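# Need the 3D shape of this:
(2 chains)
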Amino acid sequence: MSDGLTLSALLAHPRNGGTRHVAGGGRTERTWSSAVVETSEDALPPSADSALAVIVSGPPSAPWQLDALLRRVRDRGFTGLVLPDAAAVHESASLADRLGLVLLVVDRPWELARTCWEMLEQRDAMTLSLVRHVAQSIEYHAEDLPDQLRHVAANLGYGVALVDRAGVLVSAGPPLAQGVLEEISFSGWADTVRTDAGACASVRVESPSREGLRLVVHGAALTDAQLAALTTAAEVAMPMVAARLLLDEIAAVSDVSLSSGLLSDFLEQKGAPDPDVERRMRERGWRTSGFHVGFRMLARGRLDPFELVRAVRRELGRLPVDSHVTTRGRGVLGWLTFADRPSPTDLERRIAALRDLHATAGDQFPVATGVGSLQEGGQGMVSTLEEAADAARLAVSRSSSSWFLHIDRLGLEQLLLAWTGNDTFVPTAQALLAPLTAAERATLTAFLDHESQVAATATALGVHRNTVTGRMQRIQEALGIDLDDPEARLAVHLACRAAAPAS
Amino acid sequence: MAHVLRSSDLPALAAGCALFGAGGGGATWPVELMVRRGAPWPVTLHDVADVDPATPCMAVAYSGSPELLGERLPSLDPFGIATDAVERWVGTEIPALCSMEIGGMNGLTTLGAAAGRTLVDADLMGRAFPGFDQVSLLVDGVPGVVLGCATGADGVAVVSQARPADVERLLRTAITTAGGWAGIVLGGFTVGDLARHAVLGAYERVLSVGRGFADARFGEPHDVARAIGGTFLAEGRVQRAPQATPHAGVTSVDLRAVDGAVVRLVARTELLAVLRDGVVVAAAPTVVAAVDAVTREVVQISELTPGRNVFVLALPAPAWWRAADHRLAAVTPSHFGVEGLDLATDPGTDPATDPATDPAGTSTDTREAT
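Residues are numbered from 1 along each chain as shown, chains lettered A, B, ... in the order given. Here you go, the predicted model:
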């Protein structure tokens, strides 16, 4: 641990008066136990021990005079020298390297002097100044938490981040180094970290709604004194962050309930919204013109639709397409809007993205997702949303398709099913499939669903492909039907659908 | 006692002159070529004490740009017009001759003008200096000194009784008029004046330094320094071409010494001072000379090109300059407007500034300079 002023901390300090390293010291860290600020070289003490000299008057113009100055300062025992920037200073860089004297230039020497004083002599003053900067950031209006953190980061001059164990949630200012993030302890109240990649002070965020959050203030290099002061600053800023979290959450909940209500109104009016609804939709950026693809996510178990909508919104935000989503009943309802008709491949890509969205959401929530077909205009928007809702209802019982159904794909199939689902066909189908065990029926269904591809079937069922091959051989023997015959194959496929347990 | 200079002495004499040129004074080789056949060999060199003190004496020198001298070669009698003007001014023929600036090419120039005159072993600078205000007779304020300068197209300028700084200013104008360089003749003094107002035995010293250099030339730099009675200051590589500094006409050359030291040469037309690790280790009037580490040729300031390896030597200043404060004041760096470089002594004579004691304390080189 370093007790004093380190070169890296000085260079990384946000208020160092524009201090830059010219030469000397190589790559090793340098620590100064004191700093002497004087107007001229003559006023420096005759001897010093690991001290930094700051001379605020302009350096001599001739390179040899500067050489001699460096030498005299070094001979007095100083290990660092800060001079106002001038071309001549850079002329003497090689001598500074040779003498092992850390040579720095500064644009605003008095700001540097104040910072040195704070870091070495008056740590309370540093703490107080940081706390004051935190307080100043409360004065300004912030839109939301990221905005609030931006204010704090700008006022403190250090990077600020809100983190949990998974990573950075919100950050402002310079990015938090991964190496530093990994070192942060989540168990205690306050924690400090110092690594080669950077340093940080963090405190636990006491939030009633969110747990395991920490507010982190970080910089490229910080001394112990700075870390202590920044910990205090973080402690002072923490309640503000916690309050902001809560406020943002309330605002988000009320926003979702508003948008949900609006969507209900729109659906009730069957795609011809009255002027009031139309105005409210415009305000939210919901366009009825253009082309729409609706999607619906339904709960297959217990879930909080609000949490789901938040997760889905985050994922949708990454799609380069106009998208909206809100809660509806036991799930969420959303849609993608295209200004022009998308090409089939483009549409395919968006549907694939929705499938990914379903998979991502499925990791956290038990959902079934239905996707509607591409429809145009306000009426079309209503129909695609309704299609999505129907598909979602069907998807709830489709574990084989991972609880995801796209109406374009299942339209014809549903039609056939509707025809075959009558009293005469179902008993025949059941009789046809009677020789098969439940596992074999599932295998047969999946095999036919996946175009007789063994590998795809194995993947869908989560069994080895040899198992599928084996079962299919037994099934063919038991049924006595050649599945390569298209007619026979269609019949068996329909039988599998009709005889499937009702959802 | 009289010495005899033979043409076989010419290479050693040229080397000595080049060393005393202190990085300036002009390259010796063009004039060496001229005097090899143009001087009245063997040339007899008389001590001042051996010549009648009342004998009128004169000194000659090329002044101006050495580079231009190499391009626009001198006539067979470059000092004729100026000599006639000075003799007319003083009203008598001038039978004796001494050198005006032994350092650099002008040490040899004098030999070319020695025909028909008694050559006295005395010099008005004892090394090379940039201006006429460093001419010993003017520094000491010897009355009656007159300078003649050819101004081209048979013109001539004569300056008499002016203050040293004015002489410098007036003659520079005349030299510019002459086309960049001109033959200068200085008269109006006697051999007797030289006894107190000139550097005596200059040829003898230059020749001995030149011979020492010739003998030890390809040896260790320390041995070279010892052989010429000087001090080794540094050996290193030129980091950058001479850089202009805020002082008009003053340039700075960075060397990185083989032992790691940071060496800075500060120069005007001659090398003024040497700093080693931020400490002044030699300063004018001490003669600082740079020698190419490979070819062992004495290097002019303009030849200190990046990447060239050189070693830097110091030769003690002629004692004449340190014998009186007003003389020293005319030749220290501060006289040339360069502050912070003045040094009271020659290197090697004062333990406090002995360059052999490495200031950074990291050198492995502990050899004593002699």
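
# is it true that B:Gly212 touches B:Ala227?
Yes - judged on CB atoms under 8 Å, B:Gly212 makes contact with B:Ala227 at a distance of 3.9 Å. Quick note: C-beta positions are derived from backbone N, CA and C, even for glycine.

# what about those two, which has more around it?
B:Gly212 (22 against 19; other CB atoms under 10 Å in any protein chain shown).

# Tell me the buried residues in the host helix or strand of A:Asp390?
Using DSSP states H and E, A:Asp390 maps to helix A:377-395. Across helix A:377-395, burial judged by 16 or more other CB atoms under 10 Å in any protein chain shown covers A:378, A:380-392, A:394-395.

# what do you get for stretch B:330-344?
Result for stretch B:330-344 [16+ other CB under 10 Å]: buried residues B:Ala330, B:Val331, B:Thr332, B:Pro333, B:His335, B:Phe336, B:Val338, B:Gly340, B:Leu341, B:Asp342, B:Leu343.

# Skipping adjacent residues, who's closest to B:Phe79 in space?
B:Gly183 (4.3 Å; CB to CB, 6 or more residues apart in numbering or on different chains).

# burial of residue 183, as a residue count?
Defaulting to chain A. Neighbour tally, A:Glu183, other CB under 10 Å: 17.

# oops, I was thinking of chain B
B:Gly183 is flanked by 25 other residues according to other CB under 10 Å.

# could you dump whichever helix or strand it is part of to CSV, C-alpha only?
In the assignment (DSSP H and E), B:Gly183 maps to strand B:181-190. The C-alpha trace of strand B:181-190 is given here as CSV (Å, rounded to 0.1, in the frame of the first residue of the first chain):
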residue,chain,number,x,y,z
TRP,B,181,35.2,36.5,-46.6
ALA,B,182,38.1,38.8,-46.8
GLY,B,183,41.9,39.0,-46.0
ILE,B,184,42.4,41.0,-42.9
VAL,B,185,45.7,42.7,-41.9
LEU,B,186,46.3,44.0,-38.5
GLY,B,187,49.2,46.4,-37.9
GLY,B,188,50.3,49.4,-35.8
PHE,B,189,52.1,47.5,-33.1
THR,B,190,55.6,46.3,-32.6
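
# Identify all contacting residues around whatever helix or strand comes next after that strand.
Sequence-wise, the next helix or strand downstream of strand B:181-190 (DSSP H and E) is helix B:191-197. For helix B:191-197, the external contacting residues (CB atoms under 8 Å, 6 or more residues apart in numbering or on different chains) are B:48-49, B:51-55, B:57, B:96, B:98, B:120, B:122, B:136-137, B:140, B:142, B:189, B:200.

# Now list the buried members of those residues.
Counted by 16+ other CB under 10 Å, the contacts of helix B:191-197 give B:48, B:51, B:55, B:57, B:96, B:98, B:120, B:122, B:136-137, B:140, B:142, B:189, B:200 as buried.

# Among those residues, name the ones in strands.
B:Cys57, B:Ala96, B:Cys98, B:Val120, B:Ala122, B:Phe189, B:Leu200 (DSSP state E).

# how many other residues sit next to residue 170?
No chain specified, so I'll use chain A. 20.

# I was thinking of chain B, sorry if that wasn't clear
17.

# quick one on the thing from earlier: any idea which helix or strand comes after the helix holding A:Asp390?
As assigned by DSSP H and E, the chain's next helix or strand after helix A:377-395 is strand A:404-406.

# Please, where are all the strands along the stretch 201-350 of chain A?
Secondary structure of the stretch 201-350 of chain A (DSSP state E, counting those that start in this stretch): strands at A:214-219, A:291-299, A:322-328, A:331-338.

# May I see those strands organised as a markdown table, with mean neighbour count and mean pLDDT added?
Shown next, in a markdown table, are the strands of the stretch 201-350 of chain A (neighbours: other CB atoms under 10 Å in any protein chain shown; pLDDT from 0 to 100):
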| stretch | mean neighbour count | mean pLDDT |
| --- | --- | --- |
| strand A:214-219 | 26 | 90 |
| strand A:291-299 | 27 | 89 |
| strand A:322-328 | 22 | 87 |
| strand A:331-338 | 23 | 89 |
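
# Which one, of these, ends up nearest to A:Gly362?
Nearest of the strands of the stretch 201-350 of chain A to A:Gly362, taken as CB to CB: strand A:291-299 at 9.3 Å.

# packing partners for that closest one?
helix A:305-316, strand A:331-338, helix A:344-364, strand A:367-371, strand A:375-376, helix A:377-395 (3 or more CB pairs under 8 Å, 6 or more residues apart in numbering or on different chains; DSSP states H and E).

# Could you dump the ones you listed into a markdown table and include distance to chain B?
Output for those, formatted as a markdown table (distance: least, CB to the nearest CB, whole Å):
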| stretch | distance to chain B |
| --- | --- |
| helix A:305-316 | 58 |
| strand A:331-338 | 64 |
| helix A:344-364 | 60 |
| strand A:367-371 | 70 |
| strand A:375-376 | 73 |
| helix A:377-395 | 73 |
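
# now these as JSON lines including distance to A:Arg114?
Formatted as JSON lines, the helices and strands packed on strand A:291-299 follow (distance: least, CB to CB, whole Å):
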{"stretch": "helix A:305-316", "distance to A:Arg114": "43"}
{"stretch": "strand A:331-338", "distance to A:Arg114": "54"}
{"stretch": "helix A:344-364", "distance to A:Arg114": "50"}
{"stretch": "strand A:367-371", "distance to A:Arg114": "57"}
{"stretch": "strand A:375-376", "distance to A:Arg114": "66"}
{"stretch": "helix A:377-395", "distance to A:Arg114": "62"}
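
# okay, which residue is most central for chain A?
In chain A, the centroid-proximal residue (CA atoms, centre = their mean) is A:Leu169; its distance is 5.9 Å.

# again, but for chain B
B:Ala128 (1.7 Å).

# a strand runs through that one, doesn't it?
No - using DSSP: H, G, I helix; E, B strand; the rest coil, the assignment for B:Ala128 is coil, not a strand.

# which residues touch it?
Counting by CB under 8 Å, 6+ apart, B:Ala128 has contacts B:Phe20, B:Gly21, B:Ala22, B:Gly24, B:Gly25, B:Glu101, B:Ile102, B:Gly103, B:Gly104, B:Asn106, B:Glu270.

# returning to that earlier point: which parts of the strand holding B:Gly183 count as buried, going by neighbours?
The neighbour-count check on strand B:181-190 (16+ other CB under 10 Å) flags B:Trp181, B:Ala182, B:Gly183, B:Ile184, B:Val185, B:Leu186, B:Gly187, B:Gly188, B:Phe189, B:Thr190 as buried.

# Please identify which of those residues is nearest to B:Arg264.
B:Trp181 (30.3 Å).

# How many residues are close by the closest residue to chain A within chain B?
Proximity of chain B to chain A (CB to the nearest CB) peaks at B:Gly278, 2.8 Å away. The local packing of B:Gly278 (other CB under 10 Å) involves 28 other residues.

# Now do the closest residue to it other than its chain neighbours, the pLDDT please.
Among residues not flanking B:Gly278 along the chain, A:Arg71 sits closest, at 2.8 Å (CB to CB, 6+ apart). If you check A:Arg71, the pLDDT there is 91.

# what's the strand or helix carrying A:Arg71 packed up against?
Using DSSP H and E, A:Arg71 maps to helix A:63-75. Applying 3+ CB pairs under 8 Å, 6+ apart, we find helix A:63-75 packed against strand A:78-84, helix A:87-91, helix A:93-99, strand B:262-267, strand B:271-276, strand B:279-283.

# Go through the ones you listed and name the closest to A:Val152.
strand A:78-84 (29.4 Å).

# Residue 179: neighbour count?
Defaulting to chain A. Using other CB under 10 Å, A:Gly179 has 12 other residues around it.

# ah, no, chain B please
By other CB under 10 Å, the residues close to B:Gly179 number 15.

# so where's chain A uncertain?
For chain A, applying pLDDT under 70 flags the ranges A:1-3, A:27, A:400-401, A:408-423, A:501-503.

# Which helix in it has the most residues?
helix A:224-268 (DSSP state H).

# Could you check the angle that one makes with strand A:214-219?
130 degrees (axes from the mean of the first three to the mean of the last three CA atoms, to 10 degrees).

# what's near enough to touch A:Ala456?
Neighbours of A:Ala456 in contact, by CB under 8 Å, 6+ apart: A:His450.
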